[in-house]
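1. Attaching a predicted model along with its sequence, questions to come.
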Amino acid sequence: MEKVRGAQPKKIDTDLWVERYGDQMYRYTLLRVKDPESAEEIVQETFLAAYKSRNSFAGKASEKSWLFGILKHKIMDHFRDLKKHQIFDLIQEDDPDPYEDAYDHKGNWKNPPRNWGINPEKAAENKQLLNAMEQCVEELSEKFRRLFILKEVDGYSSEYICKELDIQPTNLWVMMHRARNQLKKCLETNWFKKD
């Protein structure tokens, strides 16, 4: 939407939002919340919030970017609400660490990860690898999957995640460490098999 000096930004067409962006927004949300009903509700809340604030749309970003910005806030609201209603901490002291014995007393791997022998940039273009990665992310526990996506896919800072989900940085670090190790193990088992 281009602004002409002295003119108002072009009006947004709210009647076309669902048709233009609904499916993308739903898929984006479903990947993050993993519950179809919650994903649908979040997208509806996003459209409602956007409709209510449509007159404040300044046209500095595209209509789609503006809607996705609202959607990201609604997803974080959803996670905050889940945190309020959880009867357990995101990580509990007695959660077993499957990699507890994987390091020596100096913090080095006892059995270091194998060199996968691929160029990371080329691997990112490999659809089979991307599918394997998506499958491995889906296999993470809910708490690990949620944090991994917020941190590594959506790019939120550790400080922001800790503040929004009311968790300690050490909890986040431990959960991210475990999530990455589980992903590594899953990829080595399902993708980078030994010859």
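-> Looks like it arrived, so ask away.
2. Only C-alpha atoms from now on, for both contacts and neighbour counts.
-> Fine.
3. Helices along the protein, start to end?
-> For the chain, the helices defined by DSSP state H occupy 17-33, 36-52, 63-85, 120-124, 127-139, 142-148, 158-165, 169-190.
4. so where's the protein shaky on pLDDT?
-> Counting by pLDDT under 70, the chain contains low-confidence residues at 1-11, 84-126, 192-195.
5. thinking again about what came up before, can you list the helices of the chain in CSV and add mean neighbour count?
-> Listed next are those as CSV, based on neighbours: other CA atoms under 10 Å:
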stretch, mean neighbour count
helix 17-33, 17
helix 36-52, 18
helix 63-85, 16
helix 120-124, 10
helix 127-139, 15
helix 142-148, 20
helix 158-165, 15
helix 169-190, 16
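6. tell me the contacts of the residue nearest to the spatial centre of the chain?
-> By CA atoms, centre = their mean, the chain has its centre lying nearest to Ile149, at 2.6 Å. By CA atoms under 8 Å, 6 or more residues apart in numbering, the residues touching Ile149 are Arg32.
7. same thing with Glu19?
-> Contacts of Glu19 (CA under 8 Å, 6+ apart): none.
8. And for Leu183?
-> Contacts of Leu183 by CA under 8 Å, 6+ apart are 133, 136-137, 140.
9. now swap in Ile70 and tell me
-> Contacts of Ile70 by CA under 8 Å, 6+ apart are 46, 49-50.
10. which one of these is nearest Tyr156?
-> Thr46 (19.5 Å; CA to CA).
11. Thr29 contacts Val43, doesn't it?
-> Yes. Counting by CA atoms under 8 Å, Thr29 touches Val43, with 7.5 Å between them.
12. okay, now the domains of this structure?
-> As assigned by automatic domain parsing, the chain contains the domains 14-85, 91-195.
13. among the contacts of Leu183, which two are most distant?
-> Met133 and Leu140 (11.0 Å).
14. what about Arg145, distance to Val153?
-> 10 Å (CA to CA, to the nearest Å).
15. rewinding a little: among the contacts of Leu183, which one lies nearest to Ile12?
-> Val137 (36.3 Å).
16. Look up the closest residue to the closest one, ignoring the ones flanking it.
-> Arg145 (6.2 Å; CA to CA, 6 or more residues apart in numbering).
17. got the contact list for the one you found?
-> 137-138, 179.
18. export those residues to a markdown table and tack on distance to Ile167?
-> What follows is the contacts of Arg145, written out as a markdown table (distance: CA to CA, whole Å):
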| residue | distance to Ile167 |
| --- | --- |
| Val137 | 21 |
| Glu138 | 23 |
| Ala179 | 16 |
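19. Among those residues, which one lies nearest to Val18?
-> Using CA to CA, Glu138 is the member of the contacts of Arg145 that lies nearest Val18, at 26.8 Å.
20. and the gap between the residue nearest to the centre of the chain and Pro36?
-> Separation of Ile149 from Pro36 (CA to CA): 17 Å.
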